[in-house]
Each structure stands twice: as C-alpha cells, then as structure tokens.
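# after the sequence you'll find the predicted model.
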Amino acid sequence: GIQVEQSPPDLILQEGANSTLRCNFSDSVNNLQWFHQNPWGQLINLFYIPSGTKQNGRLSATTVATERYSLLYISSSQTTDSGVYFCAVVPSGYSTLTFGKGTMLLVSP
Amino acid sequence: DTAVSQTPKYLVTQMGNDKSIKCEQNLGHDTMYWYKQDSKKFLKIMFSYNNKELIINETVPNRFSPKSPDKAHLNLHINSLELGDSAVYFCASSQDRVNTQYFGPGTRLTVL
C-alpha cells in the first residue's frame, strides 16, 4: 500500500517562531488532507489540498503532486498550535484515508 | 449544529462485554467511515460505507460489525470486547470517496 512519511516526528518551538512540516507519499493521490489533533483529542481539518497552495490565517499548505510531497507552514506559532499534525492521503483508485504517523508540535510560551 | 457527532464520548467496560458506538452526520454526505486510533496515535481505516452499503472492510476482526440504518448514521457494534480493543474510535463522513473527510469528536473506549 501507499507509504506516508511525515517529518520531523517531534518539534519544539518558542512562541512566535515559524515552522515547516513535511509529508512525503509514495504514490499518486486523489485527496490529501492536513489535520491538527489538539490536546483534547479532537481532529480538526486544516486543509484539503491534493495539489496547489492554500492559506488560512497563519497556516498555509502546498502540495506538489508530481513530486509526491506536501508542506504545512505555521507562522508566528502560538501555544494553542500545540498538538499532533497529521497528513493523510487517499491513493488513486481508493477511497479511504491513509494517515502518516504525525508530527508532534509543542509551542512553549 | 455539530456536523459529525458520536456517542458516547467515553466508554469504559469489562472484557467480554458487547458495546455499541453511534455516529450521525448532518452534512448530507453519502460516504461514512470508522477509523481506529491506537495508543501510539496511529490512525487506521476500519470500515467505509457508501449509501448504506459496505464498500471497504479492512482486516478487522469479525467481532466488529458496522451497521448503517440510513445514510446519516453509521454505528459500530463490538462483541466480546478484548483488552486490545482499547483505543479511540473516530467516525467520519465525506460527500464522495475523494472529497474532504470530516471527523467526529471520537469515542475513547477502555476495556478493563
């Protein structure tokens, strides 16, 4: 099956810093989503981004489908950004999400 | 006006018991899913339903039986619960098989 690799696995930032999270996938995809799982366990949709670039406030994402990777940018990080960030893809010809192992982010004041 | 809701949020039970988790979506979506998140936070698909019909059943023990009474509901029944079933179970829905999937709040199941 498709492999989804996220890096780094863990990240510690000072409040106000910027960061880039990466997601590599091993095959073509129809869907790519970024999620934030907050400390209460809730999975929050950040982006649906099978290709191209999107921005939402301090967060933006870029997917280069031909090169099989996606990047999530977090600017001016806040303590509320802490949690686990998951990349998940639907491989071409399939219908369910395959998740990466996540990047655990801790933003300290 | 929660989009995808699950009940209960927490479920603590003894080994060997049978339990159900309910999921409802009010987004008018055709496709619903169950995912399991283990203790290492790894998320994996269990089942997928489209218009009340099972379309995906990953390698899940047959003690797990999903039931979809209508397009808006997908319930998960688990027989003879085992310690290894302890996890967080997430329900999700999407308009079709490739569009954005929206997740419920999760049900944390603890088997003692």
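Arrived safely.
# and stretch B:25-45, what's buried?
Neighbour-count burial for stretch B:25-45, counted by 16 or more other C-beta atoms under 10 Å in any protein chain shown, picks out B:25, B:29-37, B:43-45. Where you see a C-beta, it was placed from the backbone N, CA and C, and this is true even at glycine.
# how long is it from one end to the other?
18 Å (C-alpha to C-alpha, to the nearest Å).
# that one close to chain A?
Yes. Legend: contact between stretch B:25-45 and chain A by C-beta under 8 Å from any C-beta of the partner chain is shown at B:31, B:33, B:35, B:40-45.
# now stretch B:86-105
Yes. Contact of stretch B:86-105 with chain A (C-beta under 8 Å from any C-beta) involves B:88, B:90, B:92, B:97-103, B:105.
# can I get that stretch in PDB, CA atoms only?
The C-alpha coordinates for stretch B:86-105 follow below in PDB (Å, rounded to 0.1, in the frame of the first residue of the first chain):
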ATOM      1  CA  SER B  86      -8.900  -0.100  23.900                       C
ATOM      2  CA  ALA B  87      -8.500   2.800  21.500                       C
ATOM      3  CA  VAL B  88     -10.100   6.000  20.300                       C
ATOM      4  CA  TYR B  89     -12.700   5.300  17.500                       C
ATOM      5  CA  PHE B  90     -13.400   8.100  15.100                       C
ATOM      6  CA  CYS B  91     -16.300   8.300  12.700                       C
ATOM      7  CA  ALA B  92     -16.000  10.500   9.600                       C
ATOM      8  CA  SER B  93     -18.100  11.400   6.500                       C
ATOM      9  CA  SER B  94     -17.500  12.800   3.100                       C
ATOM     10  CA  GLN B  95     -19.600  13.800   0.100                       C
ATOM     11  CA  ASP B  96     -17.900  11.100  -2.000                       C
ATOM     12  CA  ARG B  97     -14.800   9.000  -2.000                       C
ATOM     13  CA  VAL B  98     -12.300  11.600  -2.800                       C
ATOM     14  CA  ASN B  99     -13.600  14.800  -1.200                       C
ATOM     15  CA  THR B 100     -12.800  16.200   2.300                       C
ATOM     16  CA  GLN B 101     -13.500  13.900   5.100                       C
ATOM     17  CA  TYR B 102     -14.900  15.400   8.300                       C
ATOM     18  CA  PHE B 103     -14.300  13.700  11.600                       C
ATOM     19  CA  GLY B 104     -16.400  13.300  14.700                       C
ATOM     20  CA  PRO B 105     -15.000  14.000  18.200                       C
END
